[in-house]
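>>> dropping a prediction and its sequence here:
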Amino acid sequence: MTFPKTYRIKSFGCQMNVYDGERMAELLSARGMAPAQGDEADLVVLNTCHIREKAAEKAYSDVGRLTREDGSRPLVALAGCVAQAEGAEAQRRSKLIDMVVGPQAYHRLPEMIAEAAEGRRTVDTDMPAISKFDALPRRKRSGPSAFLSVQEGCDKFCTYCVVPYTRGAEISRPFVDIVAEAEELVAGGAREITLLGQNVNAWGSDNRDLAGLIRHLAGFSELERIRYTTSHPVNMSEGLIAAHADLPKLMPYLHLPVQSGSDRILRAMNRSHSVDSYLRTIEQVRAARPDIAISGDFIVGFPGETDEDFEATLRIVDAVRYAAAFSFKYSPRPGTPAATMENQIPQAIMDERLQRLQARLAEHSTAFNQACVGRTVPVLIDRVGRRPGQMIGKSPWLQSVFVTTDAKIGEMVEVRLTHALPNSLGGELVAMAEAA
Ligand code: 5AD
Ligand code: SF4
């Protein structure tokens with residue numbers, strides 16, 4: 001078989017995977033391949049997520065579905081965290097997987113593809129100390145809102161979580177490399193950059209912390225918005241909180257997972273924060289930036305979670321009044337300490353708790369959206385809407401805003417918010433904030 005000409009990359013899971021998917025696409029394009037039109041790709045990359053159950057099973061069934069009616073199939077690369085976790089086992093389980101490539105090794109894809117085209121199957125799940133970033137092509141074009149990975153891995157070892165095993169130890173990219181990539185993104189059209197990391201606020205390099213990095217990026221005149229995600233409560237430093245007070249470009253939004261409102265469960269989860277310390281952090285953040293939107297992650301049904309523990313989770317939801325949230329049923333992950341804990345919670349109880357939690361979270365997010373109605377806010381246009389003349393953009397609080405305007409993708413417009421929908425807001429154009 002000759003070297004494939006077209007590719008399709010399917011990314012699942014978190015924003016880090018979205019970022020990795022974009023970098024893989026740039027890498028393959030730099031090697032002369034083109035994104036496939038429609039479904040007929042010569043190469044398919046499944047960029048998988050391992051965070052919750054059945055991830056591996058889903059990946060194998062996705063691989064199975066790539067075989068076409070005539071029996072032919074594309075070259076297949078299994079990438080992402082399932083690839084990292086399964087390694088060579090993936091190719092024992094499925095003959096259809098030509099390449100297995102982990103999140104720290106995907107810069108090697110072109111060589112692996114060349115081997116696969118010759119009929120040789122390869123596995124690379126190394127986590128080299130030298131950075132894959134050095135081997136990736138420079139960023140050229142960018143949408144108005146870009147992701148920039150600054151930190152990978154996790155040393156926290158929450159007892160339910162596979163990330164420390166699949167993504168490895170915490171590693172911070174060097175300051176100069178991040179600044180260079182940010183410059184490329186801005187030159188390529190980005191007006192908003194979201195700094196990414198599994199523990200982004202643990203980032204540190206060259207005597208700087210995340211607050212220092214954000215302060216530096218805020219000096220880029222063409223960059224209008226800065227965000228960061230995901231943060232860990234124990235790394236919410238005073239400096240980072242102060243940055244929310246001082247830097248108008250740092251958007252008023254903080255994703256700060258808490259997982260549970262019960263100290264007993266937080267201890268069993270090895271979260272290294274308590275309900276009180278978390279609430280104090282939220283208080284300080286709100287003192288620094290009163291209009292900040294807080295979002296969170298929750299797990300219901302962690303082993304041993306009682307009705308009382310769950311009620312405590314509902315109480316913290318009411319105390320924080322989350323603007324947005326992600327909530328999950330606990331899912332035992334092989335190799336993690338929680339998977340072998342006693343008192344695993346029956347599915348039916350988890351289902352009921354999740355429903356109650358989600359209903360409560362929805363009340364707060366609806367209230368947050370409704371409280372925005374009547375305000376005039378800058379909206380960064382990033383998509384075309386379905387209706388004629390309709391465009392969609394993001395508010396400072398990361399809400400999708402629908403507005404009728406001639407403004408193009410990448411422009412910032414002032415919008416008066418007129419009505420709240422369950423997951424978005426509608427508004428009217430006020431005036432152009434500036435010419436794009
Ligand atoms: N079961 C359920 N949810 C999990 N998360 C991480 N591991 C698990 C698991 N084993 C959730 C946490 C985390 C988010 C990314 O996924 O809430 O913050
Ligand atoms: Fe997983 Fe905990 Fe690390 Fe987050 S902080 S990636 S939940 S181990």
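Perfect, I can see it now. Ligands and ions are numbered 1, 2, ... in the order given.
>>> what sits against N343?
Neighbour list for N343: 303-304 [criterion: CB atoms under 8 Å, 6 or more residues apart in numbering]. The way it works is simple: take the backbone N, C-alpha and C, and place the C-beta from them, glycine included.
>>> let me know the secondary structure of it.
coil (DSSP: H, G, I helix; E, B strand; the rest coil).
>>> may I see the buried residues of the helix ranked longest in the chain?
Taking DSSP state H as the criterion, the chain has its longest helix at helix 347-372. For helix 347-372, the neighbour count (16 or more other CB atoms under 10 Å) marks 350, 353-354, 357, 360-361, 364-365, 368-369, 372 as buried.
>>> surely L279 and D318 touch.
No. Look at L279 against D318 with CB atoms under 8 Å: they stay out of range, at 11.5 Å.
>>> and G296, how many neighbours?
G296 has 22 neighbouring residues, counting by other CB atoms under 10 Å.
>>> bridging residues for it?
A325 (DSSP bridges).
>>> measure it to R141 for me?
G296 sits at a distance of 34 Å from R141 (criterion: CB to CB, to the nearest Å).
>>> try H273
For H273, the distance to R141 - CB to CB - is 40 Å.
>>> so for these two, which sits in the more crowded spot?
Neighbours per residue (other CB under 10 Å) separate H273 from R141, with H273 holding more: 19 against 12.
>>> the more buried one contacts S231, correct?
No. H273 is not in contact with S231 according to CB under 8 Å; the separation is 11.6 Å.
>>> and for the nearest residue to A88 once chain neighbours are set aside, the neighbour number?
Using CB to CB, 6 or more residues apart in numbering and skipping the chain neighbours, the partner closest in space to A88 is V123 (4.9 Å). When neighbours are counted by other CB under 10 Å, V123 registers 20.
>>> now for V403: which residues touch it?
V403 touches 379, 390-393, 413, 415, 426-429, counting by CB under 8 Å, 6+ apart.
>>> so what does it look like in phi/psi?
Per-residue torsions, V403: phi -150, psi 140 (degrees, to the nearest 10).
>>> can you name every helix or strand that whatever helix or strand I113 lives in contacts?
Using DSSP states H and E, the element containing I113 is helix 109-117. Helix 109-117 sits against helix 15-30, strand 75-79, strand 99-101, strand 122-124, with contacts defined as 3 or more CB pairs under 8 Å, 6 or more residues apart in numbering; DSSP states H and E.
>>> so how far is S94 from the residue nearest to A245 when sequence neighbours are not counted?
Distances taken as CB to CB, 6+ apart place A288 nearest to A245, at 3.9 Å, with adjacent residues excluded. According to CB to CB, A288 and S94 sit 50 Å apart.
>>> can you check L361 too?
L361 is 38 Å from S94, by CB to CB.
>>> ok, R108 - contacts?
Contacts for R108 (CB under 8 Å, 6+ apart) come out as 101, 124, 135.
>>> show me just the buried residues among those residues.
Buried, going by 16+ other CB under 10 Å: 101, 124, out of these.
>>> pretty sure P164 sits in a strand.
No. With three-state DSSP as the criterion, P164 is helix rather than part of a strand.
>>> need the residues of this protein near ligand 1, please.
51-52, 160-161, 257, 259, 297, 299, 328, 330-331, 333 (CB under 6 Å from any ligand atom).
>>> neighbour count for L279 and D318, which is higher?
A direct count of neighbours by other CB under 10 Å for L279 and D318 places L279 higher, at 17 against 12.
>>> from R271, how far out is the residue in the stretch 151-300 of the chain positioned nearest to ligand 1?
Residue of the stretch 151-300 of the chain nearest ligand 1, by CB to the nearest ligand atom: D297 (3.4 Å). According to CB to CB, D297 and R271 sit 11 Å apart.
>>> intersection of neighbour lists for those two?
Residues touching both D297 and R271 (CB under 8 Å, 6+ apart): Q259.
>>> neighbour count: these two, which is higher?
Between D297 and R271, counted using other CB under 10 Å, the more crowded position is R271 (23 against 14).
>>> what about the helices in the stretch 51-200 of the chain?
55-64, 80-86, 89-93, 109-117, 163-166, 175-187 (DSSP state H, counting those that start in this stretch).
>>> among those helices, show me which one is buried the most.
helix 80-86 (a mean of 26; mean count of other CB atoms under 10 Å).
>>> pLDDT (mean, whole number) over that one?
Across helix 80-86, the average pLDDT comes to 94.
>>> which other helices and strands does it contact?
helix 15-30, strand 43-48, helix 55-64, helix 89-93, strand 99-101, helix 163-166.
>>> repeat that with 10 Å
In terms of contacts (3 or more CB pairs under 10 Å, 6 or more residues apart in numbering; DSSP states H and E), helix 80-86 is packed against helix 15-30, strand 43-48, helix 55-64, strand 75-79, helix 89-93, strand 99-101, strand 122-124, helix 163-166.
>>> state whether I392 is indeed within a strand.
Yes. Assessed with three-state DSSP, I392 lies in a strand.
>>> tell me the pLDDT of the residue nearest to A88.
In this model, V123 is scored at 95, pLDDT.
>>> ok, it to P103 distance?
Using CB to CB, we find V123 at a distance of 14 Å from P103.
>>> do the same with G87
From G87 over to P103 the distance is 13 Å, taken as CB to CB.
>>> those two: who's more crowded?
A direct count of neighbours by other CB under 10 Å for G87 and P103 places P103 higher, at 24 against 15.
>>> check contacts around that one.
Residues in contact with P103 (CB atoms under 10 Å, 6 or more residues apart in numbering) are 16-17, 20, 47-48, 79-81, 83-84, 125, 127, 132, 149, 152-153, 166-168.
>>> next one: A117 relative to ligand 1, how far apart?
Between A117 and ligand 1 the computed distance is 36 Å (CB to the nearest ligand atom, to the nearest Å).
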